[in-house]
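1. sequence first, predicted model second:
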Amino acid sequence: MLMVGLTGGIGAGKSTVTTVLAENGAVIVDADRIAREIVEPGTPGLAMLVAEFGDDIVGPDGALDRAALAARAFVDADRTAALNAITHPLIGERTAELFESAPEDAIVVHDMPLLVEGGMTPAYHLVIVVDTPAEIRLRRLVEQRGMPEDDARARMSRQATDEARRAEADVLIDNSGDREPVRDIVRMLVELRLHPFEHNLRTATPVVGDRTVVPFRPEWAAEAARAAARLRHVLGEVATRVDHVGPTAVDGLDSPDILDLQVTVRDEAAVERALALLTDAGYVRDRTSERPLLHWCDPARPLEVSVLSEDDPEHEFALLMAEAIGADPGARVEYSEILRRANREETREWERTR
Ligand SMILES: CC(C)(COP(=O)(O)OP(=O)(O)OC[C@H]1O[C@@H](n2cnc3c(N)ncnc32)[C@H](O)[C@@H]1O)[C@@H](O)C(=O)NCCC(=O)NCCS
Ligand SMILES: Nc1ncnc2c1ncn2[C@@H]1O[C@H](COP(=O)(O)OP(=O)(O)OP(=O)(O)O)[C@@H](O)[C@H]1O
């Protein structure tokens, strides 16, 4: 099962994107829809909201008057926190049930407006952010959904910034223009990344990556940071540190587009524990390597994870090397050439044995 987190600011077009994802076979778990379910008449959720915000948030029909609650809940951060303290645990319980009930080979897309606000992104295999500038979102909410401008602005002020969401995005979908191009982008995303990613996870198929040296990519640092956050989420206190090492960690260095992440643990027993946790989470052991090395299985983001104990001198060396080469332009050029030569030799070797 591939677990995808999807988010975006209010009015960004999350529902628009999840509709296309569903048309392409994804299972959508919609947090807003669950948020409605848990405050239906007669639910503990509605009773708790009445106790907190007063009984005039309930209409004559006994149902929640959503606008009346919104008018009270988004006036300041404290009131929004009170709203979230009641609703989010109930939403979380129901969400877990829906995740559990999804088919084993499903691409589950969790449409969660407050994914970044809740610090939840490392728990997902991939995070999609629907990115639409605030002013366009505001205009669409007012003109197309008829939301009062002050309500829309109040809610926006209770949400993460667009920059904070972009930093958490593995995939950024620009929805500021027409819908049609977005439909095509989403369709390609499912076909070229989400489906193969789900297959690789379910069949423990590693993505080994191409060792061709490519020009330095500044986004390698952010990609590695997100990968490190996922590793910390899987390993918890078993990992004493997780570092971005290897050629892609060297600023300005042309290198193969394969991220190297190094997990440092306390001792040899912890190495075994970490390997078990990572394997359970979908990382695939490289049995051709004598050292504990695993590959990830995202077809668009090759990644290797090495696991070392603190007393292994190799772990210090990897950290120092990235720093030393990064500080010396001459060393960078020389190291890129070594990588190119290694790739040429590897390619020749592969052609000889083919
Ligand atoms: C206050 C409520 C009743 C207002 O209902 P209304 O129909 O006007 O809005 P709806 O539920 O469709 O939400 C529309 C959008 O508002 C934004 N929003 C909703 N709740 C919140 C919140 N607590 N904090 C920030 N933004 C929010 C999201 O972008 C959401 O997609 C409703 O938003 C609610 O119950 N919110 C609490 C649950 C929640 O946090 N949901 C957000 C995702 S988990
Ligand atoms: N590309 C687009 N061009 C024009 N209008 C759009 C586009 N995408 C979405 N909209 C409109 O903008 C509004 C918000 O879209 P949508 O409901 O999909 O956003 P959302 O992120 O799901 O909102 P919410 O945060 O409230 O759940 C809707 O009225 C929708 O029809």
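-> Right, received. Where do you want to start? Ligands and ions are numbered 1, 2, ... in the order given.

2. how long is stretch 281-292 end to end?
-> End-to-end distance for stretch 281-292: 16 Å, by Cα to Cα, to the nearest Å.

3. report the central residue of this protein.
-> The residue lying closest to the centre of the chain (Cα atoms, centre = their mean) is residue 127, at 3.1 Å.

4. now that residue: how far from residue 186?
-> Residue 127 sits 15 Å away from residue 186, going by Cβ to Cβ, to the nearest Å. Yep, even glycine has a C-beta here, placed from its N, CA and C like the rest.

5. do the same with residue 164
-> 23 Å.

6. pick out whichever of these two has more residues nearby.
-> residue 186 (25 against 12; other Cβ atoms under 10 Å).

7. now that one, nearest residue through space, not along the chain?
-> What sits nearest to residue 186 in space, not counting adjacent residues and going by Cβ to Cβ, 6 or more residues apart in numbering, is residue 20, at 4.2 Å.

8. pretty sure the one you found contacts residue 183?
-> Yes. At 5.1 Å, residue 20 counts as touching residue 183 under the criterion of Cβ atoms under 8 Å.

9. scan the helices and strands of this protein for the one with the lowest mean pLDDT.
-> Ranked by mean pLDDT, DSSP states H and E, the weakest helix or strand in the chain is helix 313-326, scoring a mean of 82.

10. just to revisit the earlier point, can you name the residues that contact the residue nearest to residue 186?
-> Residue 20 sits next to 182, 183, 186, 187 when contact means Cβ atoms under 8 Å, 6 or more residues apart in numbering.

11. most neighbours, which of those?
-> residue 186 (25 neighbours).

12. show residues contacting the helix or strand encompassing that one.
-> Here residue 186 sits within helix 179-189, counting by DSSP states H and E. Contacts of helix 179-189 with the rest of the structure, by Cβ under 8 Å, 6+ apart, involve 13, 16, 17, 20, 21, 24, 128, 171, 173, 174, 175.

13. now the fifth one: which helix or strand?
-> Per DSSP H and E: residue 21 is located in helix 14-23.

14. orientation of that helix relative to helix 179-189 in degrees?
-> 50 degrees (axes from the mean of the first three to the mean of the last three Cα atoms, to 10 degrees).

15. just the helices in this protein please.
-> Assigned by DSSP state H, the helices in the chain fall at 14-23, 31-37, 44-53, 66-73, 77-101, 134-144, 149-157, 162-167, 179-189, 195-203, 220-235, 268-280, 313-326, 329-353.

16. turn those helices into JSON lines, columns for distance to residue 289.
-> Output for the helices of the chain, formatted as JSON lines (distance: least, Cβ to Cβ, whole Å):
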{"stretch": "helix 14-23", "distance to residue 289": "36"}
{"stretch": "helix 31-37", "distance to residue 289": "41"}
{"stretch": "helix 44-53", "distance to residue 289": "51"}
{"stretch": "helix 66-73", "distance to residue 289": "53"}
{"stretch": "helix 77-101", "distance to residue 289": "34"}
{"stretch": "helix 134-144", "distance to residue 289": "47"}
{"stretch": "helix 149-157", "distance to residue 289": "49"}
{"stretch": "helix 162-167", "distance to residue 289": "32"}
{"stretch": "helix 179-189", "distance to residue 289": "32"}
{"stretch": "helix 195-203", "distance to residue 289": "19"}
{"stretch": "helix 220-235", "distance to residue 289": "18"}
{"stretch": "helix 268-280", "distance to residue 289": "12"}
{"stretch": "helix 313-326", "distance to residue 289": "13"}
{"stretch": "helix 329-353", "distance to residue 289": "15"}
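
17. out of the ones you listed, flag the one nearest residue 256.
-> helix 329-353 (6.6 Å; Cβ to Cβ).

18. which parts of the closest one are buried?
-> Neighbour counts over helix 329-353 (16 or more other Cβ atoms under 10 Å) mark 332, 335, 336, 339, 340, 343 as buried.

19. please identify the residues of the stretch 1-150 of the chain in proximity to ligand 1?
-> Contact residues, the stretch 1-150 of the chain versus ligand 1 (Cβ under 6 Å from any ligand atom): 10, 31-32, 35, 66, 69-70, 73, 80, 83-84, 87, 91, 112-114.

20. farthest pair in these?
-> Going by Cβ to Cβ, the pair spanning these furthest: 69 and 112, at 19.8 Å.

21. more neighbours, these two?
-> Applying other Cβ under 10 Å to residue 69 and residue 112 shows that residue 112 carries more neighbours, namely 25 against 22.

22. so what's that one up against?
-> With Cβ under 8 Å, 6+ apart, residue 112 has these contacts: 5, 6, 7, 31, 118, 120.

23. which two in those residues are spaced the farthest apart?
-> It's 6 and 118 that sit farthest apart of these, by Cβ to Cβ, at 13.5 Å.

24. so which of the two has more stuff around it?
-> More neighbours surround residue 6 than the other of residue 6 and residue 118, with 27 against 16 (other Cβ under 10 Å).

25. pretty sure the more buried one contacts residue 17?
-> Yes. Here residue 6 reaches residue 17: they are 6.9 Å apart, a contact under Cβ under 8 Å.

26. alright, calling it a day.
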